[in-house]
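Chemist: Okay, here's the prediction I keep looking at, along with the sequence it came from:
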Amino acid sequence: MSLPRLPDAPLLALRNAQVFAPDALGIRHLLLGGGKILWIGKHWQDMPADLGVDMLDLDGRRLIPGLIDGHVHVTGGGGEAGFRSRVPGLGLSHYSAHGITTVIGLLGTDTVARGPRDLLAAMYALREEGLSAFGYLGGYHLPAATLTGSVRSDLVFLEPLIGVGELAISDHRSSQPTLDELLRVASDAHVAGLMTGKAGIVHLHLGDGERGLDLVHRALTQSELPARVFQPTHVNRRRALFDEAVALSRRGVPMDVTAFPVEEGEDAWTAADAFIRWRDAGAPMDRLTISSDAGGSLPCFDAHGQVCGMDVGTPGALLATLAELLERGVPLDTALPAFTANVATALRLPHKGRIGIGMDADLVCLDENHRTLHVIARGRLHRRDGHNRIVGTFERISR
């Protein structure tokens, strides 16, 4: 098999785009080049023909920042029901087709059969195929799985790693971390973040346990660590837990809700329901993010802790949640930050999540049904006119 190289990121002009940056800017024209947004203007200036600018007229369609999925099992998750329950990793177009241009990879329950080497390799592969990819060291358990033997050293010397996660609390699968253990790993993450300019956060998996966010409450009360260092996720999995998350966000803690399926009558909120309830509660909108748990197993357990069923998180859940919010009357510029700008801020990715001059050219054009018409990642058209132009290496191989 020969490996075709990615096309260069050419000069690409986007004409007549209705831009949501995520703020609504109205109709604008953009020039992209070298993976960046070079120019944005109200009035188009013709370019010399010998520049070879590729023109794409959006005809007034909505242009949004590429979605940032802050919780992705890029190597596949699972393993709670034996080796056959390990979820395979997903190919490139599973993300790009749904408007995801940046993924944050992590490990979960299994850091033995899958480890930090696998995680880094999967992130490097996605980068080679044209997406932006970063990740967390560790997984559910402490001590955290590392490559260098040190949380702080991994974060300082391994460029793609931006924090620790997903460290499990209030879950029977966790290592049952004590307050002192949580504070130690959070301190290492925070100091490494100061040294490098990285996020330096602890991304906390919340299980179904009745203790909920108590450990985070105590960490804030009994330490000097900034509230932003702790980022709980899956906080919509129980309704009481979500109420606790709303209250804790007022102390400065960013919260992440998961776009997983919720059955009618289940003691949980869908991501769209959680967003609307968060807004209606007057909680800080800039502290809310939404992720997909793509590639992760979504198991249910019986009273004895045995797996009795399993689903798998999908990348398409993000765009589906955004579409549901729009159908329920939430304005696009209100909904978008939870998928874009808020994620970039929480993760200290300064060139992501917004449309502006000098920002990374990660852009999505939506059609009238809120589906992806065009997807641009790092200045390259991965999807044009509803068809994938760039797919993952092994997606090209027919079976």
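Modeler: Alright, I've got the coordinates.

Chemist: hey, where'd the helices end up in the stretch 1-150 of the chain?
Modeler: For the stretch 1-150 of the chain, applying DSSP state H, counting those that start in this stretch gives helices covering 92-96, 116-128.

Chemist: where are the low-confidence patches of this structure?
Modeler: Residue ranges of the chain with pLDDT under 70: 1-5, 7, 78-81, 297-312, 397-399.

Chemist: hmm, try it at 50
Modeler: 1, 399 (pLDDT under 50).

Chemist: can you list the domains in it?
Modeler: Following automatic domain parsing, one gets these domains for the chain: 12-64+354-396, 67-346.

Chemist: L6 is nearest to which of the ones you listed?
Modeler: domain 67-346 (5.5 Å; CB to CB). All C-beta spots, glycine's among them, are computed from the backbone N, C-alpha and C.

Chemist: Now the terminal residues of the closest one, how far apart.
Modeler: 14 Å (CA to CA, to the nearest Å).

Chemist: Quick one: residues contacting L326.
Modeler: Residues in contact with L326 (CB atoms under 8 Å, 6 or more residues apart in numbering) are 332, 335, 370.

Chemist: cool, and K352?
Modeler: Per CB under 8 Å, 6+ apart, neighbours of K352: 65-66, 68, 102, 132, 340, 343-344, 359-360, 362.

Chemist: Closest one of the contacts of L326 to F260?
Modeler: A335 (18.2 Å).

Chemist: which non-adjacent residue is nearest that closest one?
Modeler: With CB to CB, 6 or more residues apart in numbering as the criterion, A335 has its nearest non-adjacent residue at 4.4 Å, and that residue is L325.

Chemist: which residues does L31 form a beta bridge with?
Modeler: Assessed by DSSP bridges, L31 has beta-bridge partners A13, W39.

Chemist: Might one say that it is in contact with A17?
Modeler: No - using CB atoms under 8 Å, L31 makes no contact with A17, being 11.5 Å away.

Chemist: quick one: which of those two has more around it?
Modeler: Taking neighbours as other CB atoms under 10 Å, L31 and A17 compare with A17 leading, 26 against 21.

Chemist: Does the more buried one touch R61 like I think?
Modeler: Yes - between A17 and R61 there is a contact under CB under 8 Å: 7.0 Å.

Chemist: can you list residues touching both of those two?
Modeler: Joint contacts of A17 and R61 (CB under 8 Å, 6+ apart) are C365.

Chemist: Assign the residue nearest to A335 to helix, strand or coil.
Modeler: Of the three states, L325 takes helix under DSSP: H, G, I helix; E, B strand; the rest coil.

Chemist: what do you get for E266?
Modeler: Using three-state DSSP, the structure places E266 in coil.

Chemist: so what's it up against?
Modeler: Counting by CB under 8 Å, 6+ apart, E266 has no contacts.

Chemist: Next secondary structure element downstream of the lengthiest helix in the chain?
Modeler: In the chain, with assignment by DSSP state H, the single longest helix is helix 179-196. Downstream of helix 179-196, the first helix or strand assigned by DSSP states H and E is strand 201-206.

Chemist: Outside of the helix or strand just after that following strand itself, list whatever touches it.
Modeler: With elements assigned by DSSP H and E, the helix or strand that comes after strand 201-206 is helix 214-221. With contact meaning CB under 8 Å, 6+ apart, helix 214-221 is reached by 169-170, 177, 179, 182-183, 186, 204, 225, 227, 230, 232, 248, 251, 253.

Chemist: Can you say which of the contacts of K352 are buried?
Modeler: 65-66, 68, 102, 132, 340, 343-344, 359-360, 362 (16 or more other CB atoms under 10 Å).

Chemist: Just give the nearest non-adjacent residue to L63, would you?
Modeler: Leaving aside its sequence neighbours, L63 sits nearest to A17 (CB to CB, 6+ apart; 3.9 Å).

Chemist: Next one: that neighbour from L11, what distance?
Modeler: 16 Å (CB to CB, to the nearest Å).

Chemist: Also R86?
Modeler: Taking CB to CB, one finds R86 at 43 Å from L11.

Chemist: same question, P177
Modeler: P177 is 51 Å from L11, by CB to CB.

Chemist: Please apply the same query to L373.
Modeler: Applying CB to CB to L373 and L11 gives a distance of 21 Å.

Chemist: which of the two has more neighbours?
Modeler: L373 (19 against 16).

Chemist: Show the backbone phi and psi for the more buried one.
Modeler: phi -100, psi -50 (degrees, to the nearest 10).

Chemist: got a list of what it touches?
Modeler: 61, 365-367, 383, 385-386.

Chemist: out of those, who's nearest G209?
Modeler: For those, the nearest to G209 is L366 (38.7 Å; CB to CB).

Chemist: Which residue, neighbours along the chain excluded, lies closest to the closest one?
Modeler: Here the residue nearest L366, using CB to CB, 6+ apart, is R62, at 4.7 Å.

Chemist: ditto for A271
Modeler: A259 (4.1 Å).

Chemist: All the helices of the stretch 251-399 of the chain, residue numbers only.
Modeler: Under the criterion DSSP H, counting those that start in this stretch, helices of the stretch 251-399 of the chain are mapped to 271-280, 316-327, 332-335, 341-346.

Chemist: hey, which of these is tucked in deepest?
Modeler: Greatest average neighbour count among the helices of the stretch 251-399 of the chain goes to helix 341-346 (a mean of 23), per mean count of other CB atoms under 10 Å.

Chemist: Quick one: list the elements packing against that one.
Modeler: Judged by 3 or more CB pairs under 8 Å, 6 or more residues apart in numbering; DSSP states H and E, the packing partners of helix 341-346 are strand 67-72, strand 288-291.
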